[in-house]
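Participant: test case, fold it:
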Amino acid sequence: MKLRNLALVAAGMLFLAFTSLAQVTPIEGTVKGADGKPIQGAVIKITRTDIKGEYPAKTDKKGHYINIGVPIGGTFNVALFIDGKQVDVVNGVRTGGDMKPVDFDLKAAQKDNSTKQAELQKAMETTGKVPDDLARGMSADQKAKMEKDFKEKSDARKKQNELNDAFNAGMAAKEAKQWDQAVTSFTKASELGPAQPAVWANLGEAYAKVAEGKTGPEFDTAIQKAQEAYSKSIELKPDDPASHNNYAIALGKAKKFPEMLAEVKKAADLDPPNGGKAYYNLGAMLVNAGQADAAGEAFNKAIELTPTYADAYFQLGTVLSAKEQTGADGKVIAAPGEADAFKKYLELQPTGPYADGAKAMLEHLGSTVDTKFQNPNAKSDSKKSTTTKKKQ
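Facilitator: Model prediction:
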């Protein structure tokens, strides 16, 4: 009797075991490539999402895969891997009842991709999230990364637009010579785009213009701000001769002439054709500061770099005129090179803005040479000359 009961218990346990084994269902499907042909050897990863569990499969030569041991009543993501890379996924597959095949058709997926991308872009721009119905082919990590990347790019575009608006507002104010407003706009642009040399260069110019209308501490503050902005521009773009030249001018306005000379040299080295202009600016500021000898050196350097720089010759002659002497006979003795400088100016600019002044200085010096000054732009058959004669 006991043996019979034991046999019945054993039979019941066996029945329960078979019942337990029966609580599974297959997940299967086929995989077709972009060419429409079955893909052999593709890896299928069936991952349970409600509790931990993985159920792998692999496609045969017909592109078919199957795993017959998937538990009933779970939720699964079915992902397709080719050459170790996930290329598609079907999320939220529920097991139970009549299971439908989970197929992958890469040709159809490719065809729908452009439409899907457009829908995805629109949805992302609206909500910043990837809709579940468009998340096919993405793992949870991929979805999260896409949302993060989109937010970063969206923030960057917004910041760039704000930078453009601030910079354009600064340029408009600069065009209208509204320098205080230009400073405000370029300052905002510098905060939004601190790595933009053009922003700092324009901010420097705006501060320099503000300084022109100021005196005392207000001038000092504005011109210091101009120097700082130009310095930042040069730090970001050290090979820009215009920034070195403008920085030099700001230094000159602040009476920092040794520093100005250093920047002038850099500007001239970077842009030799315009190097004469940089040294001319230095000479003009040194004249205003009463440093005649240093100014003469600057004008000579300007002439050396640009031999046709007419204004530099006139300014050099003017500087040298301070060294004139008077002889025992009461006649004026020109400083070495003074008369030549005025003559060269008239040769280059016979009708220039300083022409009358140059002629007057030569007459003052009692030039002993009849020098004909012709307009180089006049036609050859109608040239007229002006003669500066020795003073009687």
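Participant: would you map out the domains in the chain?
Facilitator: For the chain, automatic domain parsing gives the domain ranges 24-104+118-137, 159-388.
Participant: TSV for those, including mean neighbour count?
Facilitator: C-beta here means a position set from N, CA and C on the backbone, and glycine is covered the same way. What follows is the domains of the chain, written out as TSV (neighbours: other CB atoms under 10 Å):
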stretch	mean neighbour count
domain 24-104+118-137	15
domain 159-388	18
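Participant: could I get those as TSV with distance to Q110 and mean pLDDT?
Facilitator: Output for these, formatted as TSV (distance: least, CB to CB, whole Å; pLDDT from 0 to 100):
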stretch	distance to Q110	mean pLDDT
domain 24-104+118-137	5	87
domain 159-388	33	89
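Participant: next, format these as TSV and append distance to D149.
Facilitator: Formatted as TSV, the domains of the chain follow (distance: least, CB to CB, whole Å):
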stretch	distance to D149
domain 24-104+118-137	10
domain 159-388	16
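Participant: any idea which of those gets closest to E147?
Facilitator: domain 24-104+118-137 (6.0 Å; CB to CB).
Participant: and that closest one, how far from the chain's centre?
Facilitator: Relative to the mean C-alpha coordinate of its chain, domain 24-104+118-137 is positioned 44 Å out (CA atoms, centre = their mean, to the nearest Å).
Participant: and if you look at stretch 175-186?
Facilitator: For stretch 175-186, the distance to the chain centre is 21 Å (CA atoms, centre = their mean).
Participant: swap in stretch 220-236?
Facilitator: Distance, centroid of stretch 220-236 to centroid of chain: 19 Å (CA atoms, centre = their mean).
Participant: what sits up against it?
Facilitator: 190, 195-198, 200-201, 203-205, 207-208, 210-211, 214, 240, 243-244, 246-247, 250-251, 253-254 (CB atoms under 8 Å, 6 or more residues apart in numbering).
Participant: C-alpha coordinates for that stretch, PDB please?
Facilitator: Below are the C-alpha coordinates for stretch 220-236, written out as PDB (Å, rounded to 0.1, in the frame of the first residue of the first chain):
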ATOM      1  CA  ASP A 220      41.900 105.500 -18.900                       C
ATOM      2  CA  THR A 221      39.300 102.800 -18.200                       C
ATOM      3  CA  ALA A 222      38.000 102.800 -21.800                       C
ATOM      4  CA  ILE A 223      41.500 102.600 -23.400                       C
ATOM      5  CA  GLN A 224      42.500  99.900 -21.000                       C
ATOM      6  CA  LYS A 225      39.400  97.900 -22.000                       C
ATOM      7  CA  ALA A 226      40.400  98.400 -25.600                       C
ATOM      8  CA  GLN A 227      43.900  97.000 -24.900                       C
ATOM      9  CA  GLU A 228      42.500  94.000 -23.100                       C
ATOM     10  CA  ALA A 229      40.100  93.200 -26.000                       C
ATOM     11  CA  TYR A 230      42.900  93.500 -28.600                       C
ATOM     12  CA  SER A 231      45.200  91.400 -26.500                       C
ATOM     13  CA  LYS A 232      42.600  88.700 -26.300                       C
ATOM     14  CA  SER A 233      42.000  88.800 -30.100                       C
ATOM     15  CA  ILE A 234      45.800  88.400 -30.600                       C
ATOM     16  CA  GLU A 235      46.000  85.600 -28.200                       C
ATOM     17  CA  LEU A 236      43.300  83.700 -30.300                       C
END
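Participant: what about A195, which SS state?
Facilitator: Put simply, A195 is coil when judged by DSSP: H, G, I helix; E, B strand; the rest coil.
Participant: again, but for the one 10 residues further on
Facilitator: On the three-state scheme (three-state DSSP), E205 is labelled helix.
Participant: hang on, it packs against K174?
Facilitator: Yes. With contact defined as CB atoms under 8 Å, E205 counts as touching K174 (7.3 Å).
Participant: for the stretch 51-200 of the chain, what spans make up the helices?
Facilitator: For the stretch 51-200 of the chain, the helices defined by DSSP state H, counting those that start in this stretch cover 106-127, 140-175, 179-192, 197-212.
Participant: with distance to D269 as extra columns, can I get the ones you listed in CSV?
Facilitator: Below are the helices of the stretch 51-200 of the chain laid out as CSV (distance: least, CB to CB, whole Å):
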stretch, distance to D269
helix 106-127, 50
helix 140-175, 28
helix 179-192, 27
helix 197-212, 19
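Participant: how about these, which one is nearest D50?
Facilitator: That would be helix 140-175 among the helices of the stretch 51-200 of the chain, by CB to CB, at 13.8 Å.
Participant: residue contacts, the closest residue to A248 other than its chain neighbours?
Facilitator: Sequence neighbours aside, E263 is the residue nearest to A248 in space, at 3.7 Å (criterion: CB to CB, 6 or more residues apart in numbering). By CB under 8 Å, 6+ apart, the contact list for E263 reads 244-245, 247-248, 251.
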